[in-house]
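A.B. asks: sequence first, predicted model second:
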Amino acid sequence: DAGVIQSPRHEVTEMGQEVTLRCKPISGHNSLFWYRQTMMRGLELLIYFNNNVPIDDSGMPEDRFSAKMPNASFSTLKIQPSEPRDSAVYFCASSLGVGARKTQYFGPGTRLLVL
Amino acid sequence: DQQVKQNSPSLSVQEGRISILNCDYTNSMFDYFLWYKKYPAEGPTFLISISSIKDKNEDGRFTVFLNKSAKHLSLHIVPSQPGDSAVYFCAASGGNTPLVFGKGTRLSVIA
């Protein structure tokens, strides 16, 4: 069975450009999470959805970041305009429900470099 | 303000010895704790968890200990193997809230 799929795996872009990261959760999972990993801050939750509805976006750093989940099998995280400090690894994870007892399954991540 | 803290960024251990990874938390509402393991170029994977009603949970070579009064948990790996070399994230949650992760500890097991 396929795990969480993320694309692209690597993205190099120039400051000011729009970046779109994509995620396909595990089929049947109803919760989806976007995380960002940096050396300074570790693994931070940006936003999460339950049944395609955004529940908490308090981790989104700025208005330049937006996320959507138009259906149960697809989500995007968009950065517009991108800045060098956005360089990080972005992970998508999915689970059956939100609570900690619901194991989250992570995708391989998208490594973003903004020049 | 970090609610979950892993104060050791890295740890080196000889193969066959015990690895002890530590984690502290500040939120008294946390009632469930997990460890995730991450290899390079992969996403984190769930390793082991513990509920606040317990003080120990064991799964093969991996044991997690919880000290609620000290708001501290630790992951013990015995014996350590080279394949255990990875970044280990501690995470915590209270009720139905999402996980809060620490910054991670990089474990290197030297053959």
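C.D. replies: On my side now, so go ahead. Numbers count the residues shown, from 1 in each chain, chains lettered A, B, ... in the order given.

A.B. asks: packing partners of the worst-scoring helix or strand of chain B on mean pLDDT?
C.D. replies: The least trusted helix or strand in chain B, going by mean pLDDT, DSSP states H and E, turns out to be strand B:100-101, with a mean of 93. Identification of packing neighbours for strand B:100-101 by 3 or more Cβ pairs under 8 Å, 6 or more residues apart in numbering or on different chains; DSSP states H and E yields strand A:42-50, strand B:86-93. Every residue, glycine included, has its C-beta placed from N, CA and C.

A.B. asks: give me the buried stretch members for the helix or strand following that strand, please.
C.D. replies: Next in sequence after strand B:100-101, counting helices and strands by DSSP states H and E, comes strand B:105-110. Neighbour-count burial for strand B:105-110, with 16 or more other Cβ atoms under 10 Å in any protein chain shown as criterion, is recorded at B:105, B:107, B:109.

A.B. asks: and of those residues, the nearest to B:Asp1?
C.D. replies: Nearest to B:Asp1, judged by Cβ to Cβ, of the buried residues of strand B:105-110 is B:Thr105 at 19.8 Å.

A.B. asks: check contacts around the closest one.
C.D. replies: With contacts defined as Cβ atoms under 8 Å, 6 or more residues apart in numbering or on different chains, the neighbours of B:Thr105 are B:6, B:8-11, B:21-22, B:87-88.

A.B. asks: repeat that for B:Gly102.
C.D. replies: Taking Cβ under 8 Å, 6+ apart as the test, what B:Gly102 contacts is A:42-43, B:2, B:4-6, B:23, B:89-91.

A.B. asks: what subset of those is buried?
C.D. replies: Those of those that meet the buried threshold are A:42-43, B:4-6, B:23, B:89-91, by 16+ other Cβ under 10 Å.

A.B. asks: could you measure from the nearest residue to B:Gln14 once chain neighbours are set aside over to chain A?
C.D. replies: If the residues on either side of it in the chain are set aside, B:Gln14 comes closest to B:Ile110, at 5.6 Å by Cβ to Cβ, 6 or more residues apart in numbering or on different chains. Separation of B:Ile110 from chain A (Cβ to the nearest Cβ, to the nearest Å): 23 Å.

A.B. asks: which residue comes closest to the spatially most central residue of chain A once chain neighbours are left out?
C.D. replies: Closest to where the C-alpha atoms of chain A average out (Cα atoms, centre = their mean) is A:Trp34, at 3.0 Å. Nearest non-adjacent residue to A:Trp34, counting by Cβ to Cβ, 6+ apart: A:Leu46, 4.4 Å away.

A.B. asks: also A:Val53?
C.D. replies: Among residues not flanking A:Val53 along the chain, A:Met69 sits closest, at 7.8 Å (Cβ to Cβ, 6+ apart).

A.B. asks: now do the helix or strand hosting the one you found and strand A:42-50, the angle between them.
C.D. replies: Here A:Met69 sits within strand A:65-71, counting by DSSP H and E. Here strand A:65-71 runs at an angle of 40 degrees relative to strand A:42-50 (axes from the mean of the first three to the mean of the last three Cα atoms, to 10 degrees).

A.B. asks: which of the helices and strands packed on strand B:100-101 sits most buried?
C.D. replies: Comparing these on average neighbours per residue, with mean count of other Cβ atoms under 10 Å in any protein chain shown, the densest one is strand B:86-93 at a mean of 24.
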